[in-house]
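Engineer: Here is a sequence with its predicted model. Questions after.
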Amino acid sequence: MNSQVVPLPLLNLTFGVHAFKALALATDLGVFTELSGSSTTVPRFAERHGIDERPAELLLTACTALGLLHLDDSGTYTNTELSQEFLVRGKPYYFGGRVAVVDRHEYPAYLKLADSLRGNYPVTWDAERQESLFAPDDPVMVEFFWEGRYTLSAFSARRVAEKLDFTAIRRVLDVGGGGGAFAVELCRHHPGVRVTIFDLPFVCDLTRTRITAAGLADRIPFVAGDFFADRLPEGHDTVLLSNILHDWNEADARRILAICADALPADGTLIICESFVGDDKRGPAPAALMSLNMLVEAWGRNYTAAEYTSWLREVGLRTERGSLLDGAPTTAALVARKARP
């Protein structure tokens, strides 16, 4: 036995469930929102939430160890910079919606991961009864998924708006843009840009309120439709696909790319934002794990940049560059341009 090899990395992996459930419970209780501009102690926290001091201390200690709370020498807990920025409801990049989706929608499905592995089918929805994951009659999806979609995408959208050159871009078609995160961030950062959200009718209805609240209704119109059944609206110099393609199997992903290419004018731009698995299929871990998540969620996986480059070439688009989105849940943006005839 190699004495230099120890099981601690494996133990740390098993702690993942404990860490996530501590985050999910504290977020669901509104702990970080409660402590925005305030503080608490174990007795005060226990009294406020109607619980004994022992469980109160255990949860607060766990959150402190995870870097979500700060404990001073007087026994007072406050938010850390991380939780203050991303776990306080109402903040621009509030991440609690994504936490709720994983807790309510994805976490239970992992109890059936072996079923998905053996049967090669998703378990977060009824594949025999529903046409797809995105069903308007699924209460969990309606209540949590689209809010979680926004919170997962908002910071990535900000990075795209900051890092990519939008000088020549005026009209963006955000295909499957429900939630509105990319539309909002692009318009906020680039006053000359208008973004059309194309998505299913019920998703458009759920997203309108957020666009209105952002004060951008005059620059972010909606077109309701199904990209497999309806022609994409014309008049856009750029098409955006953000976290769409990984939901679909290879044949459907290539079909979506062809549909988007057909909607672009000559010299038009296609932007693909995804968590790309490396071309060598060795990682990175977040993209690989999100790809595994598709086993319980849908029929796709996280594809590689090399695969996208090949598929784009088949539909007349030339990959120009890729940009890493540092610190964002979506790892990179791939930019391609439609060739002139």
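Structural biologist: Done, it's in.

Engineer: In the protein, which helix is the longest?
Structural biologist: Longest helix in the chain by number of residues (criterion: DSSP state H): helix 8-29.

Engineer: quick check: mean pLDDT across the next helix or strand after it?
Structural biologist: Going down the chain from helix 8-29, the next helix or strand is helix 31-34, by DSSP states H and E. Summarised as a single mean, pLDDT over helix 31-34 is 98.

Engineer: Residue 107: neighbour count?
Structural biologist: Using other C-beta atoms under 10 Å, the number of residues around residue 107 comes to 14. Where you see a C-beta, it was placed from the backbone N, CA and C, and this is true even at glycine.

Engineer: Next one: it from residue 123, what distance?
Structural biologist: Using C-beta to C-beta, to the nearest Å, we find residue 107 at a distance of 12 Å from residue 123.

Engineer: Ok, residue 43 next?
Structural biologist: 43 Å.

Engineer: Between those two, tell me which one has more neighbours.
Structural biologist: Applying other C-beta under 10 Å to residue 43 and residue 123 shows that residue 123 carries more neighbours, namely 18 against 12.

Engineer: what comes up buried for whichever strand or helix holds residue 155?
Structural biologist: Element membership for residue 155 (DSSP H and E) is helix 146-163. Neighbour counts over helix 146-163 (16 or more other C-beta atoms under 10 Å) mark 146-161 as buried.

Engineer: and of these, the nearest to residue 292?
Structural biologist: Nearest to residue 292, judged by C-beta to C-beta, of the buried residues of helix 146-163 is residue 152 at 16.6 Å.

Engineer: Hmm, residue 99 and the closest one touching each other?
Structural biologist: No - contact criterion C-beta atoms under 8 Å: residue 152 and residue 99 do not qualify, at 9.9 Å.

Engineer: Show me where the stretch 51-200 of the chain has its strands.
Structural biologist: For the stretch 51-200 of the chain, the strands defined by DSSP state E, counting those that start in this stretch occupy 69-71, 77-79, 171-175, 194-199.

Engineer: closest to residue 207 out of those strands?
Structural biologist: Taking these one by one with C-beta to C-beta, strand 194-199 is closest: 6.4 Å.
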